[in-house]
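Visitor: one predicted model, sequence on top.
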Amino acid sequence: MKATKEEIIRLVLPTEDEIEKKTDRKHYRYRDRLKAYALFVSMVALLVLIVVMFRSGNHGDGFGTSFLLKGSPKCQFCDQSQPKFYDDKSYTISIKGASTNASTSTNADDDADAGLDHSVYEDIVVTPMTVTYDYDLYDGQIIFTDPLTETIPNVDFDYAIVGVTSVKHINRDTNEPVSLDEVYLHHIVMPPLNMIGAEVLANDKDTPYVKYPDGYALHVIAEDTPRIHVNAHMLSNKNLAPVQGSLSRAHKECNECYYAPGKGSDCTPEFSGKFACCGDSIACTTGGEQCACATTTEADRSTTTKYRMEFTFLTSLDISKFKRVDHWTFTAPACSVNLNGDSVFKEEPSDNFCFGQSKGTVLDSGGGSLFHQVSEDNVNPYVKTKINVVAPTGGKIVWAQAHLHTGGINATLLLNGVVQCTADSVYGTNSDVATNARNEQNHLINIGTCYDEVGETGIRFEEGDIFTTESFYYGGTDDKRMDGADSAGEHKNVMSYFSLNVDFDGDTKLFTQKRSSIAFWNNLALNAGL
């Protein structure tokens, strides 16, 4: 085990010469980024000034403003409401050592010297809060919103998120839950929450999406989070046209980003399975093209169905009483095996996220694959993915959750080769779109939690420890969880994630300053300034 650990560290971490070279490159990269940022700020200021002039003057229909903004990222669903707090449903919890949770010390003797008493219990007020995201879709439409411009106005005070009790997807007109056979929730990212997929919708009060040991929470600081940014990836499956006579195949190809005409000019056969065939393209986001899966109805942008994502958080204004946690997500398989971006693959398949990625792009995601493909194979149907990551600092895991797509069997988190948690998948059994919300046939609807493994004390790890994420998908057409071979077999654009919420030990400015919780990916050393 020791030899294996040292070999993985050698692969993942660079040599001293490589560090020196990378430091030089990093210095110039930061310098160039500062220059680019200064130029960007100046251009934005000039643009805002011109726009204000156009809007304040008598310029008819505002053509000047429209012309200036043409081609820029657009807010697709701009009229969003602030989070709503339910003070009448507030309640009190008692946390051991709450008054000392802001301390970063892990040494009991140091705390005693400082006069801190972890045996003291303190009452904390918890208030439920809902965040809603409203959006509309015409039949077959696929959206992938730009988080830079797609936002929800936040409140103007700091708060801690101590839990997430539910995530709902409803029809705004009927208030009824939406089936994945009507709208497939590929994912929604809404910092400080990370990747939320279709499997979260079936969680209930007995298995909340997020809960922590006492004294830990996500932090939301008003000063640096005036707006909540939203990356929503939704695909309308309403009135889909059958593919090769199969409606099940139509659902699969729409949801898994297969190439098809009508998904935007940037979606070409060589991009089948990539986000460009799922709405994440210039053609769809700023090019004004209608990007949709084929339907039995005529594509009509004026006729839409109104939907809402609704998140129920448990919050506290006593934010200083909770230790801040950050997201740390491992995404398998690996695109690179070290901090120089060297590939783990000799030849990468063209439909894999890793294919054609520059080293800089791969390193931005920490060296892991944001998505991958599962080939049809009836002889060896079990497909395993894996990534190893060396911890650049110590910390404590207080929450862990896997994220998989249809076809997924399970995901396992290991620490120094020892299994910490294996999360199994659950599939729906109801094929009636009118009644099957939360139990949809041919869909992964739930993934097991790691609450028992995390426990009340969390999982401790140290600098130099090795995390491993492994996942299994099934690529056989005889998948017993699926109804029909046309919905099983090959799966495109799948994800193999394991997300952690961590109280990091790091003593760099990033870890010690007052700020909102943020997300790290895979090898976080460069992005975290370690």
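Guide: It's in.

Visitor: hang on, Gln401 packs against Cys421?
Guide: No. Between Gln401 and Cys421 there is no contact under C-beta atoms under 8 Å: 9.2 Å. Bear in mind the C-beta positions are built from the backbone N, C-alpha and C, glycine included.

Visitor: tell me, what's touching the two both at once?
Guide: Cys450 (C-beta atoms under 8 Å, 6 or more residues apart in numbering).

Visitor: looking at those two, which one has more neighbours?
Guide: Remark: of Gln401 and Cys421, Gln401 carries more neighbours, 26 against 22, as counted by other C-beta atoms under 10 Å.

Visitor: tell me where the model's unsure across the stretch 351-500 of the chain.
Guide: Along the stretch 351-500 of the chain, segments meeting pLDDT under 70 span 358-360.

Visitor: so which residues make contact with stretch 520-530?
Guide: 12, 26, 326-331, 334, 339, 363, 365-368, 387, 389-390, 392-393, 504, 506, 508-511.

Visitor: and these, which of them are in strands?
Guide: Judged by DSSP state E, strands contain the following of the contacts of stretch 520-530: 326-331, 387, 389-390, 504.

Visitor: okay if I get these as TSV plus neighbour count?
Guide: Shown next, in TSV, are the ones in strands among the contacts of stretch 520-530 (neighbours: other C-beta atoms under 10 Å):
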residue	neighbour count
Asp326	25
His327	20
Trp328	25
Thr329	21
Phe330	27
Thr331	28
Ile387	26
Val389	25
Val390	19
Phe504	24
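
Visitor: which secondary element of this protein has the worst mean pLDDT?
Guide: Least confident helix or strand, the chain: helix 63-69 with a mean of 29, by mean pLDDT, DSSP states H and E.

Visitor: so what does the helix or strand following that one touch, helix or strand wise?
Guide: Next helix or strand after helix 63-69 toward the C-terminus (DSSP states H and E): strand 84-85. Here strand 84-85 touches strand 121-137, going by 3 or more C-beta pairs under 8 Å, 6 or more residues apart in numbering; DSSP states H and E.

Visitor: rounded mean pLDDT for the strand it packs on, please.
Guide: For strand 121-137, mean pLDDT is 96.

Visitor: neighbouring strands for that strand, and are they parallel or not?
Guide: strand 84-85 (antiparallel), strand 91-96 (antiparallel), strand 305-316 (antiparallel) (DSSP bridges).

Visitor: and it, C-alpha only, in CSV?
Guide: Extracted in CSV, the C-alpha atoms of strand 121-137 (Å, rounded to 0.1, in the frame of the first residue of the first chain):
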residue,chain,number,x,y,z
TYR,A,121,-24.2,23.9,24.5
GLU,A,122,-25.7,26.9,22.8
ASP,A,123,-29.2,27.5,21.3
ILE,A,124,-29.2,28.4,17.6
VAL,A,125,-32.3,29.6,15.7
VAL,A,126,-32.9,27.8,12.4
THR,A,127,-35.3,29.2,9.8
PRO,A,128,-36.5,27.5,6.7
MET,A,129,-35.9,29.4,3.4
THR,A,130,-36.9,28.7,-0.2
VAL,A,131,-35.1,29.6,-3.3
THR,A,132,-37.1,29.4,-6.5
TYR,A,133,-35.9,29.4,-10.2
ASP,A,134,-38.7,29.9,-12.7
TYR,A,135,-38.2,29.0,-16.4
ASP,A,136,-40.3,28.2,-19.5
LEU,A,137,-39.8,25.6,-22.2
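
Visitor: and the next element down the chain from it?
Guide: Strand 121-137 is succeeded, C-terminally, by strand 142-144 (DSSP H and E).

Visitor: from the middle of its chain, how far away would that next one be?
Guide: With C-alpha atoms, centre = their mean, to the nearest Å as the basis, strand 142-144 stands 15 Å off its chain's centre.

Visitor: what does the very next helix or strand once past it rub up against?
Guide: The helix or strand immediately downstream of strand 142-144 is strand 151-153, counting by DSSP H and E. Residues from elsewhere that reach strand 151-153 (C-beta under 8 Å, 6+ apart): 75, 80-83, 131-133, 190, 226-230.

Visitor: for strand 151-153, which positions count as buried?
Guide: With burial defined by 16 or more other C-beta atoms under 10 Å, the residues of strand 151-153 counted as buried are 151-152.

Visitor: for it, the averaged confidence score.
Guide: 97.

Visitor: give me the sheet partners of it and which way each runs.
Guide: Partners of strand 151-153 in its sheet, by DSSP bridges: strand 227-229 (antiparallel).

Visitor: secondary structure element holding the residue nearest the centre of the chain?
Guide: Residue closest to the average C-alpha location in the chain (C-alpha atoms, centre = their mean): Met195, at 2.2 Å. Secondary structure assigned from DSSP H and E places Met195 in strand 193-196.

Visitor: which other helices and strands contact that strand?
Guide: Under the contact rule (3+ C-beta pairs under 8 Å, 6+ apart), strand 193-196 is packed against strand 183-190, strand 326-332, strand 496-504.

Visitor: now the angle from the longest one to strand 326-332?
Guide: Computed with axes from the mean of the first three to the mean of the last three C-alpha atoms, to 10 degrees, the direction of strand 496-504 lies at 150 degrees from that of strand 326-332.

Visitor: Phe511 reaches Phe504, doesn't it?
Guide: Yes. At 5.2 Å, Phe511 and Phe504 qualify as touching, with contact defined as C-beta under 8 Å.

Visitor: which residues are common contacts for those two?
Guide: Common neighbours of Phe511 and Phe504, counting by C-beta under 8 Å, 6+ apart, are 393, 528.

Visitor: how is the protein divided into domains?
Guide: Following automatic domain parsing, the chain resolves into domains at 2-69, 325-521.

Visitor: dump those domains into JSON lines; add distance to Thr285 as well.
Guide: Shown next, in JSON lines, are these (distance: least, C-beta to C-beta, whole Å):
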{"stretch": "domain 2-69", "distance to Thr285": "14"}
{"stretch": "domain 325-521", "distance to Thr285": "17"}
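
Visitor: hang on, the earlier thing: what's the next secondary structure element after the strand holding Met195?
Guide: Per DSSP H and E, the helix or strand that comes after strand 193-196 is strand 210-211.

Visitor: and after that following strand, which helix or strand comes next?
Guide: Once strand 210-211 ends, the next helix or strand along the chain (criterion: DSSP H and E) is strand 216-220.

Visitor: contact partners for Arg324?
Guide: Each residue near Arg324 by C-beta under 8 Å, 6+ apart is listed here: 217-219, 503, 515, 517.

Visitor: can I get the residues you listed in CSV including neighbour count and pLDDT?
Guide: What follows is the contacts of Arg324, written out as CSV (neighbours: other C-beta atoms under 10 Å; pLDDT from 0 to 100):
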residue, neighbour count, pLDDT
Ala217, 28, 97
Leu218, 29, 98
His219, 22, 98
Asp503, 23, 97
Arg515, 17, 95
Ser517, 21, 96
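
Visitor: from the residues you listed, pick the one nearest Val210.
Guide: Of all those, Val210 sits closest to Leu218, with 8.2 Å by C-beta to C-beta.

Visitor: test of understanding: give the bridge partners of that closest one.
Guide: Counting by DSSP bridges, Leu218 is bridged to Ile161.

Visitor: who are the contact partners of it?
Guide: So Leu218 contacts 160-161, 192-193, 324-325, 501, 517 (C-beta under 8 Å, 6+ apart).

Visitor: give me the distance between it and Tyr133.
Guide: Leu218 sits 18 Å away from Tyr133, going by C-beta to C-beta, to the nearest Å.

Visitor: likewise for Gly464?
Guide: Counting by C-beta to C-beta - Gly464 and Tyr133 are separated by 40 Å.

Visitor: who has more neighbours out of the two?
Guide: The neighbour count for Gly464 versus Tyr133, taken as other C-beta under 10 Å, is higher for Tyr133 (22 against 15).

Visitor: what's across from that one in the sheet?
Guide: Met309.

Visitor: that one contacts Met190, doesn't it?
Guide: Yes. Under the criterion of C-beta under 8 Å, Tyr133 makes contact with Met190 at 7.3 Å.

Visitor: OK, contacts around Ser496?
Guide: 331-333, 369, 372, 385, 404, 408, 411, 469, 471, 473.

Visitor: if anything else comes up later, I'll come back, but that's it for now.
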